[in-house]
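Participant: Have a look at this prediction, sequence included:
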Amino acid sequence: MPHTSGVETPLDVVLIGGGIMSATLGTLLQELEPTWRIRVLERLDELAQESSGPWNNAGTGHAALCELNYTPQRGDGDVDISKAIVVNEQFQISRQLWSALVENGRIPDPEAFIHATPHMSFVWGADNVAYLRARYDALKDHPLFTGMEFSDDPAVIESWAPLLRDGRVGEEPIAATFHAGGTDVDFGALTSILTDSLVERGATIEYGADVRDVHRTMDGVWHVMGKNHHSGERFHYTADFVFVGAGGRALPLLQKSRIPEVRGFGGFPVSGEFLRTTKPELVARHHAKVYGKAAVGAPPMSVPHLDTRIVGGSPALMFGPYAGWSPRFLKFGSIFDLFTSIRLHNLWPMLKAGLTNVGLTIYLIQQLISLPRTKFKDLQDFFPGASPKDWEKITAGQRVQVIRPNGVLQFGTEVITGSDGTIAGLLGASPGASTAAPIMLEVLERCFPDRWSAWQPTLRELVPSFGTDLADDPATAHDSFVRTAKILALPLPEGALSEAATA
């Protein structure tokens, strides 16, 4: 039964939000401190119904194998791969943690959430083909990207992803890269698996728990207050440590905590839509995640992609996203979310972000007024033979992009921690779920410096390469990829990282 009144004996940890971030942090803490009392507070009636839900994100397993926004082209024509290296290393840490949890029994069946799915980049037009070739040349010999293939031969591209050639006519040049080591990840399923394991080992969870306030008490602990939708009664918890992993709700809750570290931060909400098909004839002919180039002025999470998704064991294809706008900070949020997040200290940064991102504003307006047939043309750029009758529209998860105190609109994640390490929260979006493990390790290091050294042996068991730059250690990079592929029941692609193995 959920707790609905009074104040219980202080908890060690309260996790606000039942998504992948809270599930990952709770799992790490339970491995490190198995006697700690942990409680998860989820506002909805099920876990992972916001950004962690499988149809609310692309489930790409972001490793920068295909996402072109991580490899911008400089003015001199060279391709900057530094961000791609960081993202790939972060995903390797996630793979290592998941593998350790398979080995110790916390994840009974990895096939319930992860599947091998090739990652491709696909472009058309001479300039874009030249860029993709330059990107390939910059990545192909790197130990984290060994095994990547490039082709501008239409027949080869068709062998990788037949739908990309279906109905394509004319002589416009096309090109693609292909990496067989990509994955599709159902973060909703993973969230449920990890949370079930938390509860089996003594943590508790309360559904319908709408947290309204987080504040520090006179005796130094955190007081978490709210109302339970089911009982209608108010709840009160005290805890030594609070993590706000509530997606778009994190910003207003951190503001209520009054920690100075959140001053000046704002949020810009962006909604989206996908097209989805489960038509067997189409699903059978496309087994890959294919990313293209973003439109001018488009935010990074609006990079178009035609993806294989495997949710609940059933394959489907998804294309998008189509950007939109809503003042809600959550898919199941309030239309007043944006306005109630405005404070005197973040008003100017928010205004400045608007003034310096006119291109984004124009792009969103264009998306909002686009006719359905215009939007469908975007899919036909990837799959010329697509027919509207085969596809349905679904609403994606709501994203709240970080506006920093200097007015910069940040496309990524931002960890906010109190100065004494007793509260932390996560703002932002992509690559998000794919990098939950390294982000939560950062939270642990920043919030528990007095325990960090003692935790190292356990952390090394969970994430063997933690603290090592895989980019600088080809042999370790190879070993990590091969080991996690075997444990996660992922087929080892022929030739993938083969050069690193002999380095």
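Facilitator: Nice, thanks for sending it over. Numbers count the residues shown, from 1 in each chain.
Participant: Quick one: mean pLDDT over the host helix or strand of residue 365.
Facilitator: Taking DSSP states H and E as the definition, residue 365 sits inside helix 358-369. Across helix 358-369, pLDDT averages out at 78.
Participant: Run through the neighbouring helices and strands of that helix.
Facilitator: Counting contacts by 3 or more Cβ pairs under 8 Å, 6 or more residues apart in numbering; DSSP states H and E, helix 358-369 is packed against strand 314-324. No exception for glycine: its C-beta is placed from N, CA and C like everyone else's.
Participant: Parallel or antiparallel, which strands does the strand it packs on pair with?
Facilitator: Partners of strand 314-324 in the sheet, by DSSP bridges, are strand 266-277 (antiparallel), strand 305-311 (antiparallel).
Participant: Tell me the buried residues in the helix or strand containing residue 439?
Facilitator: Secondary structure assignment for residue 439, by DSSP H and E: helix 436-447. The neighbour-count check on helix 436-447 (16 or more other Cβ atoms under 10 Å) flags 436, 437, 438, 439, 440, 441, 442, 443, 444, 447 as buried.
Participant: just these now: which is nearest residue 487?
Facilitator: Using Cβ to Cβ, residue 437 is the member of the buried residues of helix 436-447 that sits closest to residue 487, with 14.6 Å.
Participant: Quick check: the closest one vs residue 163, distance?
Facilitator: 33 Å (Cβ to Cβ, to the nearest Å).
Participant: for the stretch 401-503 of the chain, which spans come out with low pLDDT?
Facilitator: Scanning the stretch 401-503 of the chain for pLDDT under 70 picks out 430-431, 494-503.
Participant: What of the chain?
Facilitator: Ranges of the chain meeting pLDDT under 70: 1-8, 295-301, 430-431, 494-503.
Participant: Please, which helix or strand holds the residue nearest to residue 410 when sequence neighbours are not counted?
Facilitator: Spatial nearest neighbour of residue 410, excluding adjacent residues (Cβ to Cβ, 6 or more residues apart in numbering): residue 402 at 4.1 Å. In this structure, residue 402 sits in strand 399-403 according to DSSP H and E.
Participant: Pull up the pairing partners for the helix or strand just after that strand, direction included.
Facilitator: Beyond strand 399-403 on the C-terminal side, the first helix or strand identified by DSSP H and E is strand 409-410. Sheet partners assigned to strand 409-410 using DSSP bridges are listed as strand 399-403 (antiparallel).
Participant: What residues of the strand it pairs with count as buried?
Facilitator: In strand 399-403, the ones that count as buried by 16+ other Cβ under 10 Å are 399, 400, 401, 402, 403.
Participant: do stretch 414-429 as well
Facilitator: In terms of neighbour count (16+ other Cβ under 10 Å), stretch 414-429 has its buried residues at 414-418, 421-429.
Participant: for those, which one is nearest residue 182?
Facilitator: Of all the buried residues of stretch 414-429, residue 429 has the smallest distance to residue 182: 20.3 Å, by Cβ to Cβ.
Participant: Just list whatever residues bridge to the closest residue to that closest one other than its chain neighbours.
Facilitator: Spatial nearest neighbour of residue 429, chain neighbours left out: residue 399 (4.1 Å); criterion: Cβ to Cβ, 6+ apart. Per DSSP bridges, the residues bridged to residue 399 are residue 270.
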